[in-house]
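S.K.: curious how this folds, go ahead:
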Amino acid sequence: MPFGRPPLGGPLGRTRSRISASSLTKYLRCKRQWFLSNKLGISSPRSVSQIIGIVLEDSLCSILMRRPVNKNSLEDLRDWCYDLCDSESINCHSTGMSMWNEVIWKKTEQSWNDVEIEMINKRLKCGINLFLEEVKKCYDSQGGPYLSMRRLGKPPHHISSPAWGDEPKFPVPEKVRNFGLRSWAEDEPMVWAKDGSPIEWCEAWELARPWMKDPRVHQPQRLFHPDGWAAGELDMVLRWDGRIRILDVKSGNPSSKFAVSLEHQLKFYSWLWNQTHDGNVVDGIEGWYLDGGIRIQYEVEDKDDIEKSTLYYKKIHKDMQEMGEGPVKFPGNYPESCKDAAGCFWCHIGVDNKELEEDDKQFFESITKSNFSLSPPSQKIGTIQSRVNIKGKFTGQWGPLPNHYSEPVLGAMVTVSGTQITIEESEPNSYPELHKFTEGEVMIKNALPGVWRGKPRLYVDHKTEIISLDDETQSDKYEVTRIGLMRTKANVEGIITSIDKRSGVRLDEKPWSMVNFHIWDGEHAAEVVAFGSSITNNILEIKPGDKIKIIGAELGWRSGIPQLRIDQRSTRIKKLQ
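M.R.: Predicted structure coming up:
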């Protein structure tokens, strides 16, 4: 199965607390880059190449999902594909331009007008040529082990390779609205030859087509580790010859600074496949570079290597979880900067790097040379209260239910000094023992204070501890925070260092949107987020380098780091001169 069901049926199935191929390779390239982008959540200006990578892969998949009709030779197939590339490259360019125009913070020296349709066309054709190599091998092998099954209408895999004429497979089908009323078929029916007859070229295409991310499926098409701490989203899986080969599509070429990460990425995928497929070991891993049509293959790990990889990834995941706590000093004493790893941006802040582009150099100087002075009622980000101890009694439990990120989390109600307070996991699976406590007095140690929609809330994670109080004398051992003194909101001001906007649809196709930006007061940085209707024009007009004051931001937490949340009813944002 090329993908699995999101843990607990979560609408997005994403969390910063999991290790993924992208977070792993970023961590191995530069721990500081990983901490700032994955833990703190700070973004960098989007580049044209990032958009090209997304739209090129989608366009290639769109072509591979087509069905050739009456193509009787490899040359006929290639001519047919090249015609599709000519038209698809125009659509790809147009889609990329729309995506680029939607980017809220982009590299100012780059323009989508510099992207040529011919370049897109060439790279699509290079990808097609790589796939046609598989089609020819399939034809020369008389279709491989699955030809007879396919001709008899027996799909060999639970999740087949997607095609425009077939019904798509959804990880959580019960959440898809009006599924039965939709028509998925297109005018490209697959007609198989009589069983026992020689293979035809259109059959070789159909057999060789890899599983790939289906663009019609809005739900996450990922593999999830059974224990929930790792996940990965594969590009393609080749299965026509009875072997499992995982491949990743790259829009560039092997000379890219990112190329060193490909082997780590593919070996992570092969390990994850083993963990999610009853211990099966994949037969091959390879990368397809569309710039030049280059195929790069790596040796796969055996079972002994996979066991070592499990311990290795667990250690990295543990190190990731323990890195950073409370307000983040910026720049700070987190891992040493690599200064030149692929994709690094913030590693250069405060560093005299002559290779920086002029726009980036001016941006960093404008931040580091800014004057910071607070006006009432603003507070320093570094003074935000983090861990608290609360004594109370559980009065109810619920979940897993979606939080504001649409992630499934456990929750409970606790009565503290006559006041009911909601307790919630800060992220999915961050405190799975929450429902083990049902009655009696408890001490909740190292909870994270916050608020949601005006009401105090406690967040629990892997550093939280809940202790049953069998007698009153035990409670004297711990310092308890009074509910009335618990900080749940923050007033901050400083300079905007980054901003990003994201949107999509949940499992049930309901739309979601969020804007996150980071504010720096000269000493510490904090993430600020706004969801849905709280995304006002005032927020969308914010740019990196602006100075702002935020009054009444609600306090929340992600991975043990404070996150300020905008409530349009009670939070005010003012731009400063």
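S.K.: can you pull out the helices in the stretch 301-450 of the chain?
M.R.: 303-322, 358-368 (DSSP state H, counting those that start in this stretch).
S.K.: make a markdown table out of the ones you listed and add mean neighbour count and distance to Lys575.
M.R.: All C-beta atoms are positioned from the backbone trio N, CA, C, and that covers glycine. Listed next are the helices of the stretch 301-450 of the chain as a markdown table, based on neighbours: other CB atoms under 10 Å; distance: least, CB to CB, whole Å:
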| stretch | mean neighbour count | distance to Lys575 |
| --- | --- | --- |
| helix 303-322 | 14 | 35 |
| helix 358-368 | 15 | 16 |
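S.K.: and those helices, which one averages the lowest pLDDT?
M.R.: Looking over the helices of the stretch 301-450 of the chain, mean pLDDT reaches its minimum on helix 358-368, with a mean of 75.
S.K.: touching, Ser37 and Lys26? I think so.
M.R.: Yes: proximity of Ser37 to Lys26 meets the contact threshold set by CB atoms under 8 Å, at 6.9 Å.
S.K.: I'd like the helices of the stretch 301-450 of the chain as JSON lines, with distance to Ile496 appended.
M.R.: Output for these, formatted as JSON lines (distance: least, CB to CB, whole Å):
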{"stretch": "helix 303-322", "distance to Ile496": "26"}
{"stretch": "helix 358-368", "distance to Ile496": "9"}
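S.K.: who's in contact with Gln142?
M.R.: 198-199 (CB atoms under 8 Å, 6 or more residues apart in numbering).
S.K.: gap between it and Asp76?
M.R.: Applying CB to CB, to the nearest Å, the value for Gln142 to Asp76 is 19 Å.
S.K.: if I look at Val69, how far off is Pro189?
M.R.: 8 Å.
S.K.: so the two - more neighbours on which side?
M.R.: The neighbour comparison of Val69 against Pro189 (other CB atoms under 10 Å) goes to Val69, with 12 against 9.
S.K.: who touches that one in this structure?
M.R.: Contacts of Val69 (CB under 8 Å, 6+ apart): 188, 202.
S.K.: what of the one 10 residues further on?
M.R.: Shown in contact with Asp79 (CB under 8 Å, 6+ apart): no residues.
S.K.: start the count at 4 instead of 1 going forward.
M.R.: All right, first residue 4 from here; so that's Asp82.
S.K.: buried residues, the helix or strand containing it. List them.
M.R.: Applying DSSP states H and E as the criterion places Asp82 in helix 77-105. Within helix 77-105, the residues that count as buried by 16 or more other CB atoms under 10 Å are 80-81, 83-84, 87-88, 91-92, 95-96, 99, 102-103.
S.K.: so which of the residues you listed comes closest to Lys577?
M.R.: Using CB to CB, Trp103 comes nearest to Lys577 of these, at 30.5 Å.
S.K.: can you tell me, leaving aside adjacent residues, what's nearest to the closest one?
M.R.: Spatial nearest neighbour of Trp103, chain neighbours left out: Trp115 (4.3 Å); criterion: CB to CB, 6 or more residues apart in numbering.
S.K.: I figured the one you found hits Ser52, correct?
M.R.: No: counting by CB under 8 Å, Trp115 does not reach Ser52; the two are 11.3 Å apart.
S.K.: among the two, which residue is more densely surrounded?
M.R.: A direct count of neighbours by other CB under 10 Å for Trp115 and Ser52 places Trp115 higher, at 17 against 14.
S.K.: which residues are in contact with Arg70?
M.R.: 166-168, 191-193, 205, 208-209.
S.K.: now swap in Asp294 and tell me
M.R.: 126, 129, 254-256 are the contacts of Asp294 under CB under 8 Å, 6+ apart.
S.K.: okay, those residues in CSV with secondary structure, pLDDT and distance to Ser536 next?
M.R.: CSV is the format used below for the contacts of Asp294 (DSSP: H, G, I helix; E, B strand; the rest coil; pLDDT from 0 to 100; distance: CB to CB, whole Å):
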residue, secondary structure, pLDDT, distance to Ser536
Arg126, helix, 98, 40
Cys129, helix, 98, 45
Ser254, coil, 95, 36
Gly255, coil, 94, 39
Asn256, coil, 95, 44
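S.K.: now, the most widely separated pair of these?
M.R.: Cys129 and Gly255 (11.3 Å).
S.K.: what do these two both touch?
M.R.: 292-294.
S.K.: quick check: Glu170 vs Phe182, distance?
M.R.: On the measure of CB to CB, Glu170 and Phe182 end up 9 Å apart.
S.K.: give me the number of residues near His161?
M.R.: Neighbours around His161, by other CB under 10 Å: 8.
S.K.: hang on, it in a strand?
M.R.: No: applying DSSP: H, G, I helix; E, B strand; the rest coil, one finds His161 to be coil, outside a strand.
S.K.: gap between it and Gly7?
M.R.: Taken as CB to CB, the span from His161 to Gly7 is 11 Å.
S.K.: quick one on the thing from earlier: now render the buried residues of helix 77-105 as JSON lines, adding pLDDT and distance to Arg490.
M.R.: What follows is the buried residues of helix 77-105, written out as JSON lines (pLDDT from 0 to 100; distance: CB to CB, whole Å):
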{"residue": "Leu80", "pLDDT": "97", "distance to Arg490": "65"}
{"residue": "Arg81", "pLDDT": "97", "distance to Arg490": "66"}
{"residue": "Trp83", "pLDDT": "97", "distance to Arg490": "65"}
{"residue": "Cys84", "pLDDT": "97", "distance to Arg490": "61"}
{"residue": "Leu87", "pLDDT": "97", "distance to Arg490": "59"}
{"residue": "Cys88", "pLDDT": "98", "distance to Arg490": "58"}
{"residue": "Glu91", "pLDDT": "97", "distance to Arg490": "54"}
{"residue": "Ser92", "pLDDT": "98", "distance to Arg490": "55"}
{"residue": "Cys95", "pLDDT": "97", "distance to Arg490": "49"}
{"residue": "His96", "pLDDT": "98", "distance to Arg490": "50"}
{"residue": "Gly99", "pLDDT": "97", "distance to Arg490": "45"}
{"residue": "Met102", "pLDDT": "96", "distance to Arg490": "40"}
{"residue": "Trp103", "pLDDT": "96", "distance to Arg490": "41"}
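S.K.: since that was my last question, I'll sign off now.
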